[in-house]
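1. Quick one: sequence plus predicted model below, questions after.
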Amino acid sequence: IEGNIRAASRPLMVMYTTELVVQRKNGDGPWTMQDYLNGDLELAQIQRGAGANDVGMVAWLMELKTVEYPQGRQVVLIANDITHKAGSFGTREDVVFKLASEFARERRIPRLYVAANSGARIGLADGIKKVYKVAFKDQTKPENGFDYLYVTKEDYERLSIKHELDAVPMTLDGQEVFKITDIIGSEPDLGVENLKGSGLIAGETSSAYNDIFTMTVVLGRTVGIGAYLVRLGQRTIQKTTASPIILTGYQALNKLMGCDVYSTNDQLGGPGIMYSNGVSHLAEPDHLRAVTAAVEWLSFVPSTRGGLLPITDIRGVDEIERPIEFCPSPNTPYDPRYLITGCEDEDGKWLSGFFDKGSFQEALSGWAKTVVTGRARLGGIPMGVIATENRTAEAIKPADPADVKASEAVIQQAGCVWFPNSAYKTAQAINDFRTEDLPLIVFANWRGFSGGQRDMFDEVLKYGSLIVDAFVAYEQPVFVFIPPYAEIRGGAWVVLDASINASVMEMYASKGTARGGVLEANGAASVKYRTKDLIITMHRLDDKLKSLGAQLKTTEDAGEIASIKAAISDREKSLLPVYEQIAVQFCELHDTPGRMKAVGVIEKDVEWRDARTYFFWRLRRKLAEFDLRKKMIEAAEVGRGVKALSPLEASAMMKSWFLETPGMTDAMWSDDKVMLQWMAESNQMLENRVIQLTKDCVVQEVYQVMTAGGITAVVGTSGIVEGIARACQAMTPEEQEKFKAMLKTTLQL
């Protein structure tokens, strides 16, 4: 066995490609952006040799046979041809990109872009460049400057045929000449029209990110609009050498500043910049590893947007129902990746983690290191994962060579705290997982957001709220789990609470050791259990203080009263340290998983050792439930005037169907294995229920229209009758007879 695939079963061909070529709908011949705007172009699938393109943008429809999809999955690949006009973006390149991306969106298949370009194309009107003349202030001394550029009358008349320029007549040295006011040119793609095309593909890429899986592999320099396409497609793999992502080349910046400040483009957009600021998700050393990383990333993603998740067979690699052997120790910093992947102990023995062994692929690891994000598999099911770094991390801001006073800044960032960059990273990861249709688990261990002056100025509040926005838009199951000896406090809980999107989110805590509350126990005790309250508690619990208090009440001798009060004061001071600890413990007992469950803020407290098994079955149940719920919601959308089902209403209806089944109880609804078994055994019944739901919505729609009263009823009834008449005309004679019989029976005619 090689790579979990039996060598004998490996297909001879693992990739098939067809080039996507733009052509006119009504025949061959050159085409332009105007043809696209007129709707005269189409994308044709053609087999042709390398180098046959006459546009600096090439696209293919690829079929890849992978472990997850041995029968093949389709991908649209778009790439710059850097051998054609340095890979620059002209209007024709923009049209190819736009149509190929739309092709991917129509089929809801992944779109990959291989970037190596020079940005928007810049050109000059060579026809005018060869003939224009200069009106110098003094023809004998051209160094004194000039007044304008012009063409002769003969050239003007020739160039005006194709409207290559605009000019006004002038008299120069007694001759009529034409002063150039606008150079239009006859050559294509000279300037600003290329920027219009860049806007076209920028908007297309933004739409594609929300509609399908988009990824960019940067294998050469990518400039201007090329850099924006990288960011708009979000997921980026950058080659570590000779592949900068820049807006302007370093030579142009040096010229702008009048001195040689930068020496390479890597100083502006190399992986040292783009991998460290989160534009690049992964950095790979060469072409092969970059492409391999892209294929591995695709392995987590459904073949079509909204399709079934690619579940892999983990037999021989890991077991589904096994305990988690790695467990953190209290008050001891550790690498949070160990929760996800497992690790080796001091003796070299493997301690298993939450996910399948070897399945975790981290992304964005160069940026905002107080949060860990990536993708992994749970029992073969792909998931997005976010975890809190509990150790102190460093954020490095490089010194800009353009600022002679600048110096590198190294900022220490505490663990278990959201900073502006890590909050943004969290929101970015959630959005990426959403558009990959991945379920998500968050291993939450946050004490809150960093609220210092610098971080407030750096917009931590803005980026923290983006996390809520990302959760609100999520459609797949989300589990927020507080691991052993972890905690969620204050504002961190607010942006993670399941009520943000109750239709998909659930919160859990590790049994016994997890904590959650407004403040940490120490802080809560200092605010709500102050010294005066501690003294009251001492006098309630301490026998010696009780005795001294009783003596104080019975004696009337002034000297004895002073002595007793002094003894009470000494006793209170000696007991204060231990009672402060007692107060902290008392406050901490308000933050336990038991109380969280009792007040309904978490679904369940789960033993960490058994969490893998529990969440595997919970995830399988939720995926099956969401699939059925989606069908129910779609069925209810048939009736225009009927209120559509919300996800929570669909789940409630599903639960009522479950409880109507003989032998099923409310407690069984919470048992994931029972629920999955019921769905499997009742598959036909559930399909019939969905069909009946569709029918009921149509019935309700027609009833509401025909009984609305007034003109609405008259017009609506007339429309229904006309619609039935048109439908009958489209039916075969046999179908018409059946329909008439149905009407006769239903209406009792």
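-> Yes, it's here.
2. neighbours around the residue nearest to Asp591 when sequence neighbours are not counted, how many?
-> Nearest residue to Asp591, sequence neighbours excluded (Cβ to Cβ, 6 or more residues apart in numbering): Gly517, at 3.9 Å. Every residue, glycine included, has its C-beta placed from N, CA and C. Gly517: 20 surrounding residues under other Cβ atoms under 10 Å.
3. next one: Cys416
-> As a burial measure, Cys416 scores 22 neighbours (other Cβ under 10 Å).
4. how close does it get to Phe443?
-> For Cys416, the distance to Phe443 under the criterion Cβ to Cβ, to the nearest Å works out to 12 Å.
5. Now do the shared contacts for these two.
-> Common neighbours of Cys416 and Phe443 are listed as Thr388 (criterion: Cβ atoms under 8 Å, 6 or more residues apart in numbering).
6. contacting residues for the residue nearest to Asp591?
-> For Gly517, the residues meeting the contact criterion (Cβ under 8 Å, 6+ apart) are 487, 489, 524, 590-591.
7. Of those residues, which is the most crowded?
-> In terms of neighbours by other Cβ under 10 Å, the contacts of Gly517 top out with Glu487 at 25 neighbours.
8. Excluding sequence neighbours, find me the nearest residue to that one.
-> Spatial nearest neighbour of Glu487, excluding adjacent residues (Cβ to Cβ, 6+ apart): Arg515 at 4.1 Å.
9. Quick check: that neighbour touching Asp591?
-> Yes - with contact defined as Cβ atoms under 8 Å, Arg515 counts as touching Asp591 (4.4 Å).
10. Ile314 sits in which helix or strand?
-> With elements taken from DSSP states H and E, nothing contains Ile314; it lies in neither a helix nor a strand.
11. for it, what are its contacts?
-> Going by Cβ under 8 Å, 6+ apart, Ile314 touches 320, 356, 377, 379-380.
12. Equivalent analysis for Asn331, please.
-> Residues near Asn331 by Cβ under 8 Å, 6+ apart: Tyr485.
13. Would you mind measuring from it to Phe481?
-> Using Cβ to Cβ, Asn331 is found at 20 Å from Phe481.
14. Before we move on, what's the pLDDT of Arg10?
-> At Arg10, the model reports a pLDDT of 69.
15. nope, Lys673 is what I meant
-> With respect to pLDDT, Lys673 scores 91.
16. Three-state assignment for the residue nearest to it when sequence neighbours are not counted, please.
-> Using Cβ to Cβ, 6+ apart and skipping residues adjacent in sequence, the residue nearest Lys673 is Trp617, 5.7 Å away. Classification of Trp617 using DSSP: H, G, I helix; E, B strand; the rest coil returns helix.
17. Is Glu362 bridged to anything, and to what?
-> Assessed by DSSP bridges, Glu362 has beta-bridge partners Gly374.
18. list residues touching both of Arg515 and Asp591?
-> In terms of Cβ under 8 Å, 6+ apart, Arg515 and Asp591 are both contacted by the residues 487, 521.
19. can you map out the helices along the stretch 151-300 of the chain?
-> Secondary structure of the stretch 151-300 of the chain (DSSP state H, counting those that start in this stretch): helices at 153-160, 192-211, 225-232, 250-257, 266-269, 271-274, 287-298.
20. which helices and strands sit right next to the second one?
-> If I follow you right, that is helix 192-211. Here helix 192-211 is seen to pack against helix 91-107, helix 225-232 when contacts are counted using 3 or more Cβ pairs under 8 Å, 6 or more residues apart in numbering; DSSP states H and E.
21. Kindly calculate the angle that it makes with helix 225-232.
-> Between the direction of helix 192-211 and that of helix 225-232, the angle (axes from the mean of the first three to the mean of the last three Cα atoms, to 10 degrees) works out to 10 degrees.
22. Not counting helix 192-211 itself, show me its contacts.
-> Taking Cβ under 8 Å, 6+ apart as the criterion, the residues outside helix 192-211 that touch it are 33, 89-91, 93-95, 97-98, 101-102, 104-105, 108, 111, 113, 120-122, 214, 224-225, 228-229, 232-234, 305, 435.
23. Produce a ChimeraX select command limited to the buried residues of the residues you listed.
-> With 16 or more other Cβ atoms under 10 Å as the criterion, this ChimeraX line picks the buried residues out of these:
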select :33,89,90,91,93,94,95,97,98,101,102,104,105,108,111,113,120,121,214,224,225,228,229,232,233,234,305,435
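24. Quick check: pLDDT value at the residue located most distally from the centre of the chain.
-> Relative to the mean C-alpha coordinate of the chain, counting by Cα atoms, centre = their mean, the farthest residue is Asp557 (77.4 Å). Confidence per residue is given as pLDDT, and for Asp557 that number is 84.
25. got it, and Val642?
-> At Val642, pLDDT is 54.
26. list the helices and strands the worst-scoring helix or strand of the chain on mean pLDDT packs on?
-> Of all helical and strand segments in the chain, the minimum by mean pLDDT, DSSP states H and E falls on helix 710-730, at a mean of 80. Taking 3+ Cβ pairs under 8 Å, 6+ apart as contact, the helices and strands that helix 710-730 lies on are helix 683-706.
27. buried sites along the helix it packs on?
-> 686, 689-690, 693-694, 697, 700-702, 704-705.
28. With pLDDT and distance to Leu747 added, can I get these in TSV?
-> What follows is these, written out as TSV (pLDDT from 0 to 100; distance: Cβ to Cβ, whole Å):
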residue	pLDDT	distance to Leu747
Leu686	90	31
Arg689	87	26
Val690	87	26
Leu693	84	23
Thr694	83	21
Cys697	79	20
Gln700	79	18
Glu701	77	18
Val702	80	13
Gln704	77	19
Val705	74	17
